[in-house]
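Novice: Generate coordinates for the sequence data below:
(2 chains)
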Amino acid sequence: MGIAVGVLWIVTSICMDSRPEQIFDSSLGRVIFKPGSARQCRKEGWATTRYGRYGFPGIPDVTKLIGPKIMIWGDSHVEAQEVTDADKMATVANKLWGERHPDQPMSFLSWGESGANFANHCFDIPRYEKVFPDLCRHYIVMSFTRRAFPNDPRSASALFRERDGVFSISEIPTAAPSSRSVLWRGRLAKAGLHVVFKLYAKLSRSAVSNLRFGLGPVKKAVLEPELPPFDAAYAGTSFGWILRELKRRTDQPVCIVYIPEVPRIVQGRIVTEVQMLDPDEALRLSAFKRACCSAGIGFVDLTESFCQAVRQEGLFPRGFMNTRPGEGHLNALGHRLVSEAIVADAAEFRP
Amino acid sequence: MIFSQFEFLVFFASVFVGNALLPTLRLKHLFLLVASLYFYAYWDWRFCGLLIVSSYGDFLVGQRIVASQSDRQRKHWMWASIVLNLGVLGYFKYANFFIQSATAAFQALGWHPQTLSIILPAGISFFTFQKFSYTIDLYRREISPCKHFTDFLLFIAFFPQLVAGPIVRASEFLPQLSAPRPITAIRCFEGLRQFVFGFFKKVFIADRIAGFVDYAFDNAGVLSGATLWLAVLAYTLQIYCDFSGYSDMAIGAARTMGYDFKRNFNLPYVATNISDFWRRWHISLSTWLRDYLYIPLGGNRCGKRRTYVNLMTTMLLGGLWHGAAWTFVFWGGLHGVALAVHKVWRDAVGGEMPKHSQALKFASWMITMLVVMLGWVFFRARDFSTTGLILSRMVTLQEGVSLLPPVVIMAIALMSVPHVVAACVVDQRFELRYDKLLTPVLLFAMFALALLFYPEGFAPFIYFQF
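Specialist: Numbers count the residues shown, from 1 in each chain, chains lettered A, B, ... in the order given. Predicted coordinates:
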């Protein structure tokens, strides 16, 4: 039996996703990934992320970086657990900047959290500016316009709400992990026992409560649409509100970088226009661009550069060998395209 | 409920314990019957009525066949059962197929029929064939009639084989009802061993590569030829692991409860000719078709031309049994042609090929595999235009989006090992003996790996759709 367990341990420690350890950082006032910890992602891509000081992925000690800092914010696309540290957008941006502007020191950092929306950025930006006073510019990588839209059902730790025409943002308090939890997560992670977390998830109350023993047929749950049908006035008002709120919380310039869901393969064709995938998303995007312009916030649209990559090189900026081309998170190419756009834009606005 | 669901493990454990503890055979049968009906109702309780009523009809017909005085009357009752069952099967499975196929003809007559909203009852193709085996074997006086309807219903509805086979014959199962094998530790071990093998093949192999196969067949127009070759290879593996995995789980589950089903797969991809392939693939179906269709049509006893006609008829209908689409019929026809060609070749060379010619054996295996894989393209693709698109891109090695998932390549490599060993060393199924140290190690590792890497989302068995 020991042999079997040994084989299982080897296979799962190499081939299974791991959970990173988390601690509460009092200077940032939030939970971060424990410096020195690592996270492996195998389900999508094949990468290991190492967290440095203040929980930054791929940057061992942010305090040793030279020059003013530029922060890249976003959701899981910026969290980027699917790509190696060397391919993450902040690392690539640092490399590109160093090559192109060796006499102008500048450092790029990134912070992403799965499901993070603009409400998160409103709270996080002032926090990080307090700890890093040399933050001189903010880029927000936006994967879907719903990240800037109120009442997004997939919100992470902060909410952007609209009720009866009144907009608000609020943070969902996250409890600091207990010292015992930190200790045991660390030990299990070091021992490569990711399988324990997987088993826990499988046997958890929610997994057990989803079991069905009743007779069929099972009625398909009618899913509510994630966002209401497009309303130009409502979209303009909502986007305008959140962008102004964002601008109010920082004195530094902000720029939005939009990463489209195209190019994508749909029913045997490569689709390169957002409106072919989701007409409402295309309309929301136009409204968002106008709102950025009105609010004095920069906007970089990567649709053309993403589609050009597939036209010229036959490569998709999203997708991995173990997923599907054009779907899911950004791969190394996608991170490179984002970094190039950010570096080019930052070069025009050197402090 | 599918065998790889956690709910099934709970259900099976309960049924096993209940069956073992009940004191009398009658009670055991009733218990298993109730459990089997629950298993079917878990999918859709409304169709339990169809199962019960149609089974009762065949039970009564069986009694009439036995009670009939003349052979002519016996034949009439047998045909009544066949026509009735074919009618039910035809309605649920083929009504829309016939409507769509005859659309042009209907429109020429001024009709514009709409397709019907029909739910296909799970397992209908399988239990219909089982009922045929009962009435036909009764007519042939090869079996005794079932005395109790509950026993007959248990034969039809027994949960391990109800929804996706193996097709168990009345002559094999009914005698076991009156005298099941004793439940011993070794039988339980053998049953669990086979169940774990099947679970591993279905969950760890088939379900892992299903996503890639579905994606590739849906988007063949943009994928590279190499990707499509990999997709076809992957589907070749997927359908084998999915279906044989299910069969193994069914056979294993039945064995632990004292009932033996015959083997349904015997490493079909080591076959060196198409006839051998059909002796190894879905054995319960191929033997059923041989005994109840091919031989009654005349088999190979009515001259060469008639033999080929009988072969083609059997295989075309076998293809149609799989699904209500012309691609399935074509798949059956393709295998029919291959079988006929093999027959011609065998007659021409006067028997089997030289034993020691490894090169010939390998070439023969390659040709067989290519024919089988070609057939799977028709079997899997949505329609003929998709098939044509896939085949043309494969043959020309068209450039396009490349997707070569390492996990798929590893799965193919992993499953190649037992096939290569079986082909080169010993041509029989691998067995892990209960008294060997390796056995619990391997079984535990296989089960745990399958459980830990269980795919998210529901992954039904491929043959559920038939």
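Novice: what are the phi and psi values for the closest residue in space to residue B:297 that isn't next to it in sequence?
Specialist: Sequence neighbours aside, residue B:310 is the residue nearest to residue B:297 in space, at 4.4 Å (criterion: C-beta to C-beta, 6 or more residues apart in numbering or on different chains). For glycine as for every other residue, the C-beta is placed from the backbone atoms N, C-alpha and C. Residue B:310 has phi and psi values of phi -60, psi -40 when expressed as degrees, to the nearest 10.
Novice: Against residue B:276, how distant is residue B:310?
Specialist: Separation of residue B:310 from residue B:276 (C-beta to C-beta, to the nearest Å) stands at 19 Å.
Novice: now do residue B:330
Specialist: Taken as C-beta to C-beta, the span from residue B:330 to residue B:276 is 22 Å.
Novice: List the residues that contact the residue in chain A that chain B sits nearest to.
Specialist: Closest residue of chain A to chain B, C-beta to the nearest C-beta: residue A:268 (3.6 Å). Contacts for residue A:268 (C-beta atoms under 8 Å, 6 or more residues apart in numbering or on different chains) come out as B:218-222.
Novice: Contact residues of the stretch 1-150 of chain B facing chain A?
Specialist: Residues of the stretch 1-150 of chain B lying near chain A by C-beta under 8 Å from any C-beta of the partner chain: B:6-7, B:10-11, B:38, B:41-46.
Novice: so of those residues, which ones are in helices?
Specialist: Assigned to helices by DSSP state H, the following of the residues of the stretch 1-150 of chain B next to chain A qualify: B:6-7, B:10-11, B:38, B:41-44.
Novice: what residue is smack in the middle of chain B?
Specialist: Central residue of chain B (C-alpha atoms, centre = their mean): residue B:282, 5.1 Å from the mean position.
Novice: Could I get the phi/psi values of that residue?
Specialist: Its backbone dihedrals place residue B:282 at phi 40, psi 60, with angles given as degrees, to the nearest 10.
Novice: gap between it and residue B:250?
Specialist: Distance, residue B:282 to residue B:250, by C-beta to C-beta: 13 Å.
Novice: How about residue A:116?
Specialist: Taking C-beta to C-beta, one finds residue A:116 at 48 Å from residue B:250.
Novice: wait, is residue A:24 part of a helix?
Specialist: No - judged by DSSP: H, G, I helix; E, B strand; the rest coil, residue A:24 forms no part of a helix; its state is strand.
Novice: picking that back up, list the residues that contact the residue nearest to the centre of chain B.
Specialist: B:165, B:243, B:264-265.
Novice: how close does it get to residue A:112?
Specialist: With distances taken as C-beta to C-beta, residue B:282 is found 50 Å from residue A:112.
Novice: For residue A:270, what is the enclosing helix or strand?
Specialist: Using DSSP states H and E, residue A:270 maps to strand A:269-271.
Novice: What are the contacting residues of the helix or strand following that strand?
Specialist: For strand A:269-271, the following helix or strand on the C-terminal side (DSSP H and E) is helix A:274-277. With contact meaning C-beta under 8 Å, 6+ apart, helix A:274-277 is reached by A:260-262, A:264, A:266, A:271, A:281-283, A:285, A:303.
Novice: Can you flag which of these belong to strands?
Specialist: Cross-referencing the contacts of helix A:274-277 against strands under DSSP state E gives A:264, A:266, A:271.
Novice: Show me what the strand or helix carrying residue B:408 is packed up against.
Specialist: Per DSSP H and E, residue B:408 falls inside helix B:406-424. Identification of packing neighbours for helix B:406-424 by 3 or more C-beta pairs under 8 Å, 6 or more residues apart in numbering or on different chains; DSSP states H and E yields helix B:207-218, helix B:225-256.
Novice: what about the shortest one, near chain A?
Specialist: It refers to helix B:207-218. Yes - legend: contact between helix B:207-218 and chain A by C-beta under 8 Å from any C-beta is shown at B:215, B:218.
Novice: I'd like to check the angle between that helix and helix B:406-424, please.
Specialist: 110 degrees (axes from the mean of the first three to the mean of the last three C-alpha atoms, to 10 degrees).
Novice: Residue B:310 and residue B:276: which has the busier surroundings?
Specialist: A count of neighbours by other C-beta atoms under 10 Å in any protein chain shown puts residue B:310 above the other of residue B:310 and residue B:276, at 21 against 17.
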